[in-house]
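Q: Pasting the sequence and the predicted coordinates here, then a few questions.
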Amino acid sequence: MSPSNPYGVLIDPHAPAAIADWLDLPATKDVYAVADVAEYLLDISTDLTYLGLLVDHIHVGTINRSVVDEPVKSLDAAAGQLLPGQPHYELVQWRCRTCDTRLWRIHVDPRDPPTCPNNCGRLYPHTPS
Ligand SMILES: [Zn+2]
């Protein structure tokens, strides 16, 4: 884990640059919480392989499912005392109507919709069918 990127353990430095799926989280230094949300999203979205990670609207790197699996499990073990009653996150999926990028957020203020990481403009809530 590099001091400049506390999320380094989650990040695949060899991930492709073009990312279609994003997880957008509020500012936090809690890599355990970030790992937890990322793992939850990967669990419920089995089609995801690469996930761009935005923390406080900054792209901190790209998560690769095959890289995450092991580190997240060891993080969970380290935080084992937190596991009973582990919260379930309400992740809301947003979609770009221009480039089909998907983005997930936990806390959503409808007056402040997220914007596309590819600079297409605002995103729209998406209900998986
Ligand atoms: Zn877009």
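A: Cool, the structure landed.
Q: okay, which residue is most central for this protein?
A: Closest residue to the average C-alpha location of the chain: residue 23 at 2.9 Å, with Cα atoms, centre = their mean.
Q: Show the contacting residues for it.
A: The contact partners of residue 23, by Cβ atoms under 8 Å, 6 or more residues apart in numbering, come to 37-38, 41, 51-54, 63, 103-105. For the C-beta atoms, the positions are set from N, CA and C on the backbone; glycine is no exception.
Q: Same question for residue 63.
A: 10-12, 15, 23, 38, 42, 50-53.
Q: who in the chain is up against the ion?
A: Contact residues (Cβ under 5 Å from the ion) of the chain with the ion: 96, 98-99, 101, 116, 118, 120.
Q: Redo those residues as JSON lines? Include neighbour count and pLDDT.
A: JSON lines is the format used below for the residues of the chain next to the ion (neighbours: other Cβ atoms under 10 Å; pLDDT from 0 to 100):
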{"residue": "96", "neighbour count": "23", "pLDDT": "96"}
{"residue": "98", "neighbour count": "12", "pLDDT": "96"}
{"residue": "99", "neighbour count": "12", "pLDDT": "96"}
{"residue": "101", "neighbour count": "19", "pLDDT": "96"}
{"residue": "116", "neighbour count": "19", "pLDDT": "94"}
{"residue": "118", "neighbour count": "15", "pLDDT": "91"}
{"residue": "120", "neighbour count": "14", "pLDDT": "96"}
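Q: secondary structure element for residue 103?
A: In the assignment (DSSP states H and E), residue 103 maps to strand 102-105.
Q: can you list contacts of that strand?
A: Strand 102-105 has contacts (Cβ under 8 Å, 6+ apart) with 20-25, 41, 54, 91-96, 114, 116-117, 123, 126.
Q: Let me know how buried residue 60 is, in neighbour terms.
A: Residue 60: 18 surrounding residues under other Cβ atoms under 10 Å.
Q: Buried residues in the helix or strand it falls within, which are they?
A: Taking DSSP H and E as the definition, residue 60 sits inside strand 58-64. Neighbour counts over strand 58-64 (16 or more other Cβ atoms under 10 Å) mark 60-64 as buried.
Q: after the helix or strand of the chain with the lowest mean pLDDT, next one along is what?
A: When the helices and strands of the chain are compared on mean pLDDT, DSSP states H and E, helix 65-78 comes out lowest with a mean of 60. Sequence order places strand 92-95 as the next helix or strand after helix 65-78, per DSSP H and E.
Q: Thanks again, I'm all set now.
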